[in-house]
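K.L.:
Everything below, folded, please.
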Amino acid sequence: MRIESVNVGMPREVSWHGRPVTTGIFKSPVSERIAVRTLNLDGDRQADLTVHGGKDKAVYCYSSGHYAFWRHELPGHDLLPGAFGENLTVDAPEEDEIFLGDRYRVGTAETLVTQPRLPCYKLGLKFEDDGVVKRFLASGRLGFYLAVAREGTVAAGDEMALIGRATDSVPVSEVRRLYLAKTYSREDRRQLEKLLGVAAFPESWKHYLREKLADSAPLA
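P.N.:
Sure thing, here's the model as predicted:
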């Protein structure tokens, strides 16, 4: 995979539905090499650290291949790299080919895939349309987060190379599917148990899915 754009941005205050909102979703491409640190890229910050950022969401990646879909879905918007708040715009495959725990060399840094992105209302703010949030989730084109195992630097044009994959992991797309499912089949429950055993998968996600699993009776 090739990193097509590195995008960063600092939180800014904007008005949305008549009230001030501070958000870091506005990202712009940079041409220089950027340090990849444990919590974020240099020059990039998150506004609400209760739901954004942290070591499990240090770097957000989004496939450049998804942009064609969104140009059709969101006519009139100038969709430049970083439009969806991603740090790295990458020529990545679909999310069913990206697995939790995958280890990638990103520039000179080493990272691992932790989770998909779940959109919040600030994506609607970005596009001035609250409905974009549901459409983004329904599309399955969510992108994925990286934790930083070894700090380094990155620039547009660098390779994002797979350097390790667990033999029994779970694709990122399965997290979305199981998150949205209203009921679980027996196979779903087996997949959930497998997901809960993935070391790279954040404990906050595991806690949520354990509760959901406990509340859901298995289908025949």
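K.L.:
hey, let's count contacts and neighbours off CA atoms from now on
P.N.:
OK.
K.L.:
show me the contacts for P119.
P.N.:
With contacts defined as C-alpha atoms under 8 Å, 6 or more residues apart in numbering, P119 is in contact with V133, F136, L137, L142.
K.L.:
any chance you could map the strands in the chain?
P.N.:
Remark: strands assigned in the chain by DSSP state E are 3-8, 12-16, 19-23, 28-30, 34-36, 59-63, 88-90, 103-106, 109-116, 144-150, 152-154, 160-164.
K.L.:
most packed of those?
P.N.:
Neighbour counts (mean count of other C-alpha atoms under 10 Å) averaged over each of those peak at strand 88-90, with a mean of 27.
K.L.:
Can you tell me the strand partners of that strand and which way each runs?
P.N.:
Using DSSP bridges, the strands paired with strand 88-90 are strand 3-8 (antiparallel), strand 59-63 (parallel).
K.L.:
Give me the contacts around the least confident helix or strand in the chain by mean pLDDT.
P.N.:
Counting by mean pLDDT, DSSP states H and E, the chain has its least confident helix or strand at helix 203-215, which shows a mean of 90. For helix 203-215, the external contacting residues (C-alpha under 8 Å, 6+ apart) are Y179, Y184, R189, L192, L196.
K.L.:
Which of the residues you listed sits closest to E110?
P.N.:
L196 (23.5 Å; C-alpha to C-alpha).
K.L.:
any idea how far that closest one is from S28?
P.N.:
35 Å (C-alpha to C-alpha, to the nearest Å).
K.L.:
Check Y67 too.
P.N.:
Noted for Y67: a distance of 16 Å to S28, by C-alpha to C-alpha.
K.L.:
Repeat that for E159.
P.N.:
20 Å.
K.L.:
Could you list the low-pLDDT ranges of this structure?
P.N.:
48-52, 217-220 (pLDDT under 70).
K.L.:
Kindly report the domain assignment for it.
P.N.:
Here the domain parsing of the chain from automatic domain parsing is 3-164, 172-215.
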